[in-house]
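Enquirer: sequence? don't have it. structure:
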């Protein structure tokens, strides 16, 4: 697969080459705003699509088709001049010689934008990495969906009460938006969808556990929102444990730090992420694997390497440990960097980054969500849920997806149904589950 | 996974137990019509969903989401009394002791309905089985979709013209409806979708080959339809070879019986199917692996075993080698068998099967299809295409899918786009491709 010279084939150009690693929220917004008449642009991503991560949990709980939350990257830039997409997994950056190395060959750059996001953080625990279900990519969501549905297909076969209960217990670690949203969606499955599909089972036995190490859920939001989310989840009979940590998981039993044991085959991992700091630029990487950048998104020590989004740690007075790893930060950093680079030819001075926190929100189920706008307006319930829907439909990149997703939501809302509960991934037994790493997309 | 006794757990009942193997067109229609107050019904299927096979080719060519052509089986029978679904792969039938054996245990029956359909027929050629792409199940369609899209991602990297051409050549073997529809859909991708995604490639180089052993395409239809389909495919520049057979495929080159060689990594297998006659009932199986049945769908030699659809060979004057392996035959046989069984309690005499051929059709692309109704009306073009769309929307089982599919079609029609071109399956290199057998869904 590697070209004769070891270099990836890209047409010659007189323009300086700008390489972008990653087609997530940051990379995509950056490229949308960039004036590509000034650069030859090469976008590298291991997938050929952008993933709308905020809705992955709905794919995992059979509410949306995987195709509806992913947009083909080539389609996003169909009519762009000087734009080249290459599906490749970046393995190393050679900052001195200005070379990016990938599984399909190397590529030289004049400027480099690192928008490679974050990885699930298992805190070095091999069991968690191999046996739990993370939720960062489309294949993760499909694996979790199949696991949930297969658990119930297996539960109807069990004569042993303990074995059956283990299949009907779900443990979610991490009380941030992902954990809260998965717990709420599982609560809806338990209440509205699964009883119709499995009349043989007593769905009251299905138990959902949400484990959070801090003293409250949604720690990044206000106490008001934490309390609201807590109350909403309680209506779905979710068992919430705050101030507790998952210590071990052997594929059959989850053990907490206080010794409590929960028999379960399914541990959903929403406990943390770390920056996807690619090998090579070894100095000035934070302990959580992010590249330290200045207020112009320049990686410390380099004039021509930039990092935006989750993989960048931009510290200021308000954010002593860098900005939060959130899509809006990535989007705003991408937009500013593009504007700064666009102004280069006119010699415009660069603007420094200032994060505008428009708000945060999380949904817990039909008619239930919490929303905080501009740090001022806090509200819950049906209006928050409408806001959540509206904002996500606006944000999602693909126009087509908006129609499909809105259609699905209308359907789900009025029928109390979930349309997409198919098991289409190979089953992997919890005990023997392999490391859930991204699939190799191109073999060399 | 196997219960203590080796028997699958199913509640006790005073009703006679009727076991159905397979939730395809035949099994589904049978169960829809069956009066389940007279039987305890157990449906076995290796998947938890019904596959609408006529539209698999659209999933494979990025026109539809996989979820839209599959309906969860449990959902279809949510409010049925005495109905039990078990996700299981049947391995053997013991007709003497009235036992079905599966990967999750055994199940006893009083009456047994075999609706287990057909398998791709590779005619004993190991290379074809391991290296070509069949199109019978949802995972097949996803594999082919990923292969097509990855071929083009790889082609942009090639400096060697021959290597590039091999990735852009597609060989389809079998000129029946599947082959014709895949060829047409690839033609549409070549003409309308891929040039926008891959401006670097000269899409005129993409070559589609359709190989048919008989002297004309769509051999089951009239010469008029064959000629129309031929003309339509020619408009997409499809290379059509009739009276030729694929002799060998090594993953890189397709060799025909006349010595012609086509360099290609992608051989789509639409050359034939065989009945999925499960082991155990060894006598009276046809050479193409179908159970011989009488005009009441009773398997020869048994009073309480019935076979319907592709796996049944019901011979009569008009069909000396059994009825064609088509969805309408399966549906009509399922309906009649249900009616006959429903009448048992009233002592009604059984009706013999008589196939009503409502017509056949195949589509070749936008505004292009051929339709033959009731053996009388033959027409092509836009009207045939509208008929094709209408009939498929009516037929598809899930009401929800109708909306999703119709929406997709409208979108595709007016935008000349394909929304779902994501690569979400692991890449398997052609040379090393493993046997494309159905995924193991439950491990024992």
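Expert: Received, thanks. Small disclaimer: the values here were computed from a predicted structure and weren't measured. Numbers count the residues shown, from 1 in each chain, chains lettered A, B, ... in the order given.

Enquirer: tell me how chain A divides into domains.
Expert: When chain A is parsed with automatic domain parsing, its domains come out as A:17-46+A:88-120+A:274-346, A:126-271+A:358-432.

Enquirer: the strands in the stretch 301-444 of chain A, which residues?
Expert: With strands called from DSSP state E, counting those that start in this stretch, the stretch 301-444 of chain A shows them at A:305-307, A:312-314, A:359-365, A:368-373, A:377-380.

Enquirer: okay, the ones you listed in a markdown table with mean neighbour count, distance to chain B and mean pLDDT next?
Expert: C-betas here are computed from N, CA, C, even on glycine. Converted to a markdown table, the strands of the stretch 301-444 of chain A look like this (neighbours: other Cβ atoms under 10 Å in any protein chain shown; distance: least, Cβ to the nearest Cβ, whole Å; pLDDT from 0 to 100):
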| stretch | mean neighbour count | distance to chain B | mean pLDDT |
| --- | --- | --- | --- |
| strand A:305-307 | 27 | 25 | 98 |
| strand A:312-314 | 26 | 27 | 97 |
| strand A:359-365 | 23 | 21 | 87 |
| strand A:368-373 | 24 | 24 | 89 |
| strand A:377-380 | 16 | 30 | 88 |
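
Enquirer: switch these over to JSON lines; also include distance to residue A:131.
Expert: Below are those laid out as JSON lines (distance: least, Cβ to Cβ, whole Å):
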{"stretch": "strand A:305-307", "distance to residue A:131": "32"}
{"stretch": "strand A:312-314", "distance to residue A:131": "30"}
{"stretch": "strand A:359-365", "distance to residue A:131": "26"}
{"stretch": "strand A:368-373", "distance to residue A:131": "31"}
{"stretch": "strand A:377-380", "distance to residue A:131": "35"}
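
Enquirer: could you pull out the strands for the stretch 51-200 of chain A?
Expert: A:70-72, A:83-87, A:90-94, A:99-102, A:105-108, A:111-114, A:118-120, A:169-173.

Enquirer: lowest mean pLDDT across the ones you listed, which one is that?
Expert: Sorting the strands of the stretch 51-200 of chain A by mean pLDDT places strand A:70-72 lowest, at a mean of 87.

Enquirer: would you map the helices across the stretch 101-250 of chain A?
Expert: Along the stretch 101-250 of chain A, counting by DSSP state H, counting those that start in this stretch, helices occupy A:126-131, A:138-155, A:161-168, A:177-188, A:194-197, A:223-235.

Enquirer: got a list of contacts for the shortest one?
Expert: Translated: helix A:194-197. Under the contact criterion Cβ atoms under 8 Å, 6 or more residues apart in numbering or on different chains, helix A:194-197 has outside partners A:152, A:201, A:203, A:206, A:421, B:72, B:74, B:75, B:78, B:79.

Enquirer: please repeat the previous calculation with a cut-off of 10 Å.
Expert: Here helix A:194-197 makes contact (Cβ atoms under 10 Å, 6 or more residues apart in numbering or on different chains) with A:62, A:148-149, A:152-153, A:168, A:186, A:188-189, A:201-204, A:206, A:416-418, A:421, B:48, B:72-75, B:77-79, B:85.

Enquirer: shaky segments in the stretch 301-444 of chain A?
Expert: Applying pLDDT under 70 to the stretch 301-444 of chain A picks out residues A:397-401, A:415-444.

Enquirer: could I get the domains of chain A as CSV with distance to residue B:349?
Expert: What follows is those, written out as CSV (distance: least, Cβ to Cβ, whole Å):
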stretch, distance to residue B:349
domain A:17-46+A:88-120+A:274-346, 65
domain A:126-271+A:358-432, 35
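
Enquirer: quick one: neighbours of residue A:103, just the number.
Expert: 17 (other Cβ atoms under 10 Å in any protein chain shown).

Enquirer: my read is that residue A:172 contacts residue A:271, right?
Expert: Yes. Using Cβ atoms under 10 Å, residue A:172 makes contact with residue A:271 at a distance of 9.1 Å.

Enquirer: shared neighbours, the two?
Expert: With Cβ under 10 Å, 6+ apart as the test, residue A:172 and residue A:271 both reach A:132, A:178, A:179, A:211, A:212, A:246.
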